[in-house]
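Student: Just to be clear, the model below is a prediction. Sequence and coordinates:
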Amino acid sequence: MSRIDRYAVFGHPISHSQSPRIHALFAEQTEQALAYTAQDVPPELFEPEVRRFFREGGKGLNCTVPLKKLAFRLADRRSERAERGKAVNTLALRADGTILGDNTDGVGLVRDLTVNLGLILEGRRILVLGAGGASRGILAPLLEQRPERLVIANRTPDKAVRLAGEFGDLGPIAGGGLEELAGESFDLILNATAASLSGELPNLPEGILAPEGSCYDLAYGRAPTAFVRWGWNTGAAISVDGIGMLVEQAAEAFHLWRGVRPETGPVIAVLNAERKSPLTEPATRRPAGTDP
Ligand code: ATR
């Protein structure tokens, strides 16, 4: 068994994962000795590979698409936020040998929105596009910010209605179809559909983004996503992709595993600098504390 603490991200596919890079930067910054690797694990091998990883001395895992539901089922104990989202993106080996499942995605998004981008969510109108796993994981932390209202709009309306129903006890939330958005206006639009990945955009009516409104794509890539570009073209005050959320969810996992919280700003800056084209227009990723 190696003496250095081992961590990894499991996913399928995994080759483009930024997590090893992010955790290496965190480890360097906080002077923690650890190794973090990426492993391609198809769903059918998930459970034996997780068992093997921990048996061989691994301390913690991140699980990404399409493994978050499987990780939820495998965990011996789950945090409240993981229970709410019905998905787990972080597994941690506890001292008693049991595996804790947590979900740091939602809190990562909210930290990027409120701390890094300086957005105020309280009293604002928020639209979430999509009603899949990515949406489910962010609803509770968004409602915690006490928005005026949160609407989920989905290509398949029933799924949005059902999802909203599950979170109705936490705040003013409603679900429906994309067509029902005509005449509506929102201060923040979050894209949690899989459309971005294929360069597509959900069909959005004119006027859907309020003046000074912002756009946020949970997806990210080397080039601006179709939704980020839509935000720019629609006059959004801020329109960015999910690289900040990725770094923030990683920081929260790092904190759970190591008891130390890394500084995320410098790591986001490094990742942005490494991307070929600037993903943010000069004024669109403002430093914290400069909310308009
Ligand atoms: P994830 O777990 O990553 O959220 P998912 O559960 O497959 O993935 O959900 C993908 C979401 O993207 C769904 O809300 C899907 O809409 P449907 O429920 O109607 O399938 C949405 N989606 C995918 N492609 C889309 C597209 N081209 N336009 C609009 N919505 C799309």
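Tutor: Here it is on my side, so go on.

Student: okay, now Ala195: neighbour count?
Tutor: By the criterion of other C-beta atoms under 10 Å, Ala195 has 20 neighbours. Backbone N, C-alpha and C define where each C-beta goes, glycine included.

Student: Which phi and psi values does whatever residue of the stretch 51-200 of the chain ends up closest to the ligand adopt?
Tutor: Closest contact between the stretch 51-200 of the chain and the ligand, by C-beta to the nearest ligand atom, is at Gly132 (2.1 Å). With angles defined as degrees, to the nearest 10, Gly132 sits at phi -100, psi -160.

Student: my guess is it contacts Thr193, does it?
Tutor: Yes - with contact defined as C-beta atoms under 8 Å, Gly132 reaches Thr193; the gap is 7.4 Å.

Student: who does the helix or strand where Arg21 lies touch, helix- and strand-wise?
Tutor: Assigned by DSSP states H and E, Arg21 belongs to helix 19-30. In this structure, helix 19-30 packs against strand 5-11, strand 34-40, helix 243-258, helix 265-274, with contacts taken as 3 or more C-beta pairs under 8 Å, 6 or more residues apart in numbering; DSSP states H and E.

Student: Can you list the strands that the first one pairs with?
Tutor: In this case it means strand 5-11. strand 34-40 (parallel), strand 58-63 (parallel) (DSSP bridges).

Student: buried ones in the helix or strand harbouring Ala210?
Tutor: For Ala210, the host element (DSSP H and E) is strand 209-217. By neighbour count on 16 or more other C-beta atoms under 10 Å, the buried set for strand 209-217 is Leu209, Ala210, Gly213, Ser214, Cys215, Tyr216, Asp217.

Student: okay, now Glu263: neighbour count?
Tutor: Neighbour number of Glu263 under other C-beta under 10 Å is 12.

Student: ok, now Phe53?
Tutor: The tally of other residues near Phe53 (other C-beta under 10 Å) stands at 21.

Student: Could you list every helix and strand in contact with the helix or strand harbouring it?
Tutor: Following DSSP H and E, one finds Phe53 within helix 46-55. With contacts taken as 3+ C-beta pairs under 8 Å, 6+ apart, helix 46-55 sits against strand 5-11, strand 58-63, helix 68-74.
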